[in-house]
Structure formats: C-alpha cells, structure tokens
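Student: Just a sequence and a predicted model for now, questions to come.
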Amino acid sequence: MNFGGKIHLNKFGICIIVGLMFLVVFYVTSDGSKPEKRSVVSLKKLLIASIETAIKGGKEVVDVYKSASLNERSKGKTKEGVNDPITNADEKSNCAMFFSLTHTFPDIQVVSEEKSSEPDCRTLQVLDLDSNLLKNSNELEDKEVFSSEVTMWIDPLDATKEFTENLLKYVTTMVCVAVDGKPVIGVIHFPFGEEPKTYWGWVGRGVTEELKIKQSTKKLDDANPTVIVSRSHTGQVADLLKKAFGQSVTIIQAGGAGYKALEVGSKNVTAYVHTSIIKKWDICAGHAIINALGGKLTTLKNEPIDYKAADKPVNSDGVLAVLENHDKFIELLKVI
C-alpha cells in the first residue's frame with residue numbers, strides 16, 4: 001500500500017466540497033429554521049370585525065349611562081384649558097373593543113385611546129364576525145393584506161366631555177383600519193338616539209347606503225360655506241374662519257371628532273376645521289370614510305397624516321376635511 005500517495009481533486013470536486021461547507025454553515029447559523037410565512041388578513045373580515053367591535057363598545061357605553069355610574073375623573077386639561085374627562089364608560093367600552101380585537105386578530109397591532117389591563121376586564125370572547133352585519137357583503141370584492149402592515153385605531157368613547165354633559169348626539173365609538181399608514185376602513189357608531197346607527201366606509205369599495213344616498217341628493221354651497229368646529233375653542237376659530245372665508249361663512253360648533261367628520265361625509269356641512277392638537281384615534285375612522293366618499297382630509301399644512309403604529313399618536317398641525325375643493329380651502333386657510 002502507498003500511504004504516502006497524494007490525493008488529487010479536480011475543480012468539480014472542489015466546488016462540491018465548498019458548496020457542502022456553505023450549506024453546513026448556513027444550517028448552523030440559521031438554526032435550521034425555515035423562513036417564516038407572513039400572515040395575511042381579509043379586509044372584508046376586518047370591516048365586519050370593526051362594525052361588531054364598535055357596536056359592542058356602544059352597548060357598554062349605554063349600559064354605564066343607564067346605570068348612572070359614570071365615575072367621572074379628569075385626565076388633565078387640553079391645550080385650550082378644557083377638562084379632559086374619563087368615565088367608567090370609556091374603560092368598559094375599551095375592554096370590550098380592545099381585547100375583542102386583539103383576541104380575534106393576534107397578529108394585528110391595535111392602538112386605543114384608553115389603557116386597560118386584561119385582568120381588569122371581564123372574560124371576553126373572540127368576535128363572531130357575522131357577515132349579516134354588513135349588508136350586501138357579497139357585492140364587496142375582498143382584498144387580503146399582510147397583517148404586519150395593518151394598524152387598527154380605536155376610540156372607545158369619542159366626545160366623553162359631551163357624554164358627561166348629557167349631549168348624547170355627539171357620542172360615538174370608532175374603529176379604523178390603516179394599511180401601511182393609510183386609512184382604508186372607518187366605522188363610526190352612534191349608540192344613542194331612537195336606535196343605534198352605524199356608518200362605515202371602505203376606500204375603493206363602498207360606503208354605508210345612507211351616506212351613498214346623501215351624496216346624490218345633497219349639494220354643497222362653496223360660495224357660502226358652512227364650517228364645523230370644536231365646541232372647546234369656537235370663539236378663537238370663528239375670527240380666523242371669518243378672516244379666511246369672509247362674513248358669509250356659517251360656523252357650527254359641535255362635540256366629537258367622529259360626529260364632525262360624519263357631518264362632512266353627510267354633506268350637512270362644507271368643511272371640518274380643527275386648529276390645534278388632535279389624537280389620531282379621534283380622526284382615523286372619519287378620515288377613512290371621507291376618503292371612501294372621494295373627499296380629502298389633511299393637516300392645515302396640506303400634509304397627509306400617517307397612521308403607522310410606530311408613528312406618534314398625536315397630530316399637531318390641525319385638520320381640514322372636505323368632500324370637494326380641498327386645494328381651494330387650504331389656500332384660504334393659510335391665514336390660520
């Protein structure tokens with residue numbers, strides 16, 4: 001035997017050995033794991049979930065109101081010096097809305113105005129996702145998106161101050177679905193009145209039938225605009241709006257960002273103007289509905305509002321929401 005002989009490897013053999021070594025190194029460094037499959041979610045399912053969630057929250061709000069156990073406290077004061085209250089209704093609605101969504105869609109980030117720990121909330125079930133909540137569901141073409149691109153913004157009780165003052169027509173519960181930071185689905189639910197009412201919009205797909213009817217039966221008067229503003233700083237804004245639009249402008253004061261956005265969507269007013277800080281859970285649902293109606297909502301600087309979860313929940317540059325002539329209104333409002 002010739003144990004002192006030499007082994008000769010050709011180029012092909014060397015390539016095989018190098019390739020095997022690369023595979024071994026890759027396997028070891030990756031722990032042999034396979035690439036994760038990204039989860040997807042149906043937007044139609046999220047719309048149904050948003051409607052169901054808003055209704056659930058609304059029932060909690062009504063129950064607290066009927067029990068007369070509001071337990072009103074203050075979270076502090078707004079920039080305008082107005083008390084910012086919180087009640088048992090805010091907290092119970094948040095329990096119902098936030099944890100129903102996170103239990104049903106664990107891969108989706110949910111951002112809420114209120115904070116509740118799960119042990120403080122009663123046992124909650126996942127959502128039923130009953131398609132009957134969405135009329136003509138079969139007529140809406142579905143679309144799937146990556147769960148990681150979705151952020152849901154919820155307001156368990158919009159217009160809490162008005163709620164404590166018994167101004168119930170302004171009170172809403174709201175859910176918004178943002179995809180890659182853009183508002184795509186908005187649901188605004190009114191739990192009070194002769195009967196509860198729910199309005200929704202899905203950009204590129206459709207809106208609630210009642211909103212659809214109003215688009216064809218009402219006309220806006222841009223020459224004599226009607227502008228809706230917050231009750232908390234009407235006097236200050238009124239002077240600015242008269243400077244921008246002239247003395248012919250009609251100014252309406254109202255509570256609740258959801259209510260005001262829907263007044264625009266219903267063509268009851270020409271524009272919604274907000275000149276100070278506002279939270280994104282207050283405006284996301286209305287933003288989606290206005291977009292679905294072909295309108296536009298931006299900051300007063302004519303900049304888009306980003307609803308990504310990583311982004312700050314505060315919009316500091318005001319709001320302009322209109323169905324028509326957005327650029328014209330932005331130009332007029334430069335005096336603000």
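Tutor: Everything's here; your move.

Student: Can you name every helix or strand that the top helix by length along the chain contacts?
Tutor: Assignment by DSSP state H gives helix 43-67 as the longest helix of the chain. Helices and strands touching helix 43-67, by 3 or more Cβ pairs under 8 Å, 6 or more residues apart in numbering; DSSP states H and E, are helix 88-104, strand 150-158, strand 172-179, strand 182-190, strand 197-202. Placement of C-beta: from N, CA and C, glycine included.

Student: Apply 7 Å and report the result again.
Tutor: helix 88-104, strand 172-179, strand 182-190, strand 197-202 (3 or more Cβ pairs under 7 Å, 6 or more residues apart in numbering; DSSP states H and E).

Student: what about the ones you listed, which gets the closest to Asn302?
Tutor: strand 182-190 (16.4 Å; Cβ to Cβ).

Student: can you pull the buried residues of that closest one?
Tutor: Lys182, Pro183, Val184, Ile185, Gly186, Val187, Ile188, His189, Phe190 (16 or more other Cβ atoms under 10 Å).

Student: Next: stretch 161-168.
Tutor: Quick answer for stretch 161-168 (16+ other Cβ under 10 Å): Lys161, Glu162, Phe163, Leu167, Leu168.

Student: chain center to that stretch, what's the gap?
Tutor: 23 Å (Cα atoms, centre = their mean, to the nearest Å).

Student: got the residue ranges for the helices in the stretch 151-300 of the chain?
Tutor: 160-164, 209-217, 234-245, 257-265, 280-292 (DSSP state H, counting those that start in this stretch).

Student: how much does the last one deviate in direction from strand 150-158?
Tutor: In other words, helix 280-292. 110 degrees (axes from the mean of the first three to the mean of the last three Cα atoms, to 10 degrees).

Student: Mean confidence (pLDDT) on helix 280-292, please.
Tutor: Summarised as a single mean, pLDDT over helix 280-292 is 99.

Student: One more: the third one?
Tutor: Taken as a whole, helix 234-245 has a mean pLDDT of 85.

Student: which other residues reach that helix?
Tutor: Pro225, Val227, Val229, Val249, Ile251, Gln253, Val273, Thr275, Leu332, Leu333, Val335, Ile336 (Cβ atoms under 7 Å, 6 or more residues apart in numbering).

Student: Give me the distance between the residue nearest to Gly186 when sequence neighbours are not counted and Trp153.
Tutor: The shortest distance from Gly186 to any non-neighbouring residue, by Cβ to Cβ, 6 or more residues apart in numbering, is to Ala288 (3.1 Å). Distance of Ala288 to Trp153, given as Cβ to Cβ, to the nearest Å: 10 Å.

Student: who touches both of the two?
Tutor: Cys176.

Student: quick one, which of the two is more surrounded?
Tutor: Per other Cβ atoms under 10 Å, whichever of Ala288 and Trp153 has more neighbours is Ala288, with 32 against 28.
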